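In: no sequence for this one, just the structure:
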């Protein structure tokens, strides 16, 4: 049994912390949301009054936060996690950040942790809320080999696929590239489905044709954005979020910032990013990102094709 502090118990962090409890670890968590704290308590975890209290006795510290600024704030500021842990003395806990943030923030926080004598990994995840609940997440991990090996038992309690992507920041680089691919793919699939429907083609029959063919994709076979095609897809639950459109918009922006910083041409990524932002601007940021299908279906071709 390991004593784990878990900061950030939202849609992803809450189920991840619960799976650590199921694996036999002693988890103390903190979140600003009272309902999130209650959910951890119901799962068998311990609730802390603040982040510093969650760190008491912790052998592993995990954060799952919305964006790079929050990660910097929580870890780096005076009274932040690194500062509190540095004053504690004794054995130094393993530090894991599972947030999806920009590469630069991951490296800045990792460098600060290293200078303070801590081992830290950036370890963003893929798999959505369903994967977090089921414990089948994919972890994309950046950091030293020895630190990666040390963290294996905790990743395995929360996920199914754990890949060491490289040095510090490379977990975030992998996540950004993965989600840009997914975001573009979902837009392309949505366009094809809308066209097929307007041509009079039954979408379930199209699915059955494409699934074993060259147009096959995870977005089609597991997450089809058209209702009535794939039973488990969010489209059949009025796009109740497995992965919110607002989060996809955030990740697409991270990819575009990285592309700008490296001079990488990403015209499809740029266009797809604008569509997810439009979904959010229309008031559907909390819908699943596959809602882009419905948003596209409501657009006029002449407004999008110049």
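Out: Looks like it came in fine. No experiment lies behind these values; they were computed from the predicted model shown.
In: dump the residue contacts of residue 71.
Out: 63, 65, 97, 99, 101, 105-106, 109 (CB atoms under 8 Å, 6 or more residues apart in numbering). Every residue, glycine included, has its C-beta placed from N, CA and C.
In: where exactly do the strands run in the protein?
Out: Assigned by DSSP state E, the chain shows strands spanning 3-7, 26-30, 46-47, 60-63, 94-97, 120-122, 125-126, 137-142, 159-166.
In: most tightly surrounded among those strands?
Out: Ranked by mean neighbour count, the strands of the chain are led by strand 120-122 with a mean of 28 (mean count of other CB atoms under 10 Å).
In: contacts for it?
Out: Applying CB under 8 Å, 6+ apart, the contact partners of strand 120-122 are 94-97, 101, 106, 109-110, 113-114, 141-143, 147-148, 151, 168-172.
In: could I get the pLDDT score of residue 306?
Out: Model confidence at residue 306, given as pLDDT, is 65.
In: no wait, residue 41
Out: Note on residue 41: pLDDT of 97.
In: which of the contacts of strand 120-122 fall in helices?
Out: The helices, defined by DSSP state H, take in 106, 109-110, 113-114, 147-148, 151, 170-172 from the contacts of strand 120-122.
In: would you format the residues you listed as a markdown table with pLDDT included?
Out: A markdown table is the format used below for the ones in helices among the contacts of strand 120-122 (pLDDT from 0 to 100):
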| residue | pLDDT |
| --- | --- |
| 106 | 94 |
| 109 | 96 |
| 110 | 96 |
| 113 | 96 |
| 114 | 95 |
| 147 | 97 |
| 148 | 97 |
| 151 | 97 |
| 170 | 96 |
| 171 | 96 |
| 172 | 95 |
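In: can I get those residues in TSV with distance to residue 236 and neighbour count?
Out: Below are the ones in helices among the contacts of strand 120-122 laid out as TSV (distance: CB to CB, whole Å; neighbours: other CB atoms under 10 Å):
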residue	distance to residue 236	neighbour count
106	36	30
109	39	28
110	40	26
113	43	25
114	46	16
147	41	21
148	38	21
151	36	24
170	36	20
171	32	30
172	32	28
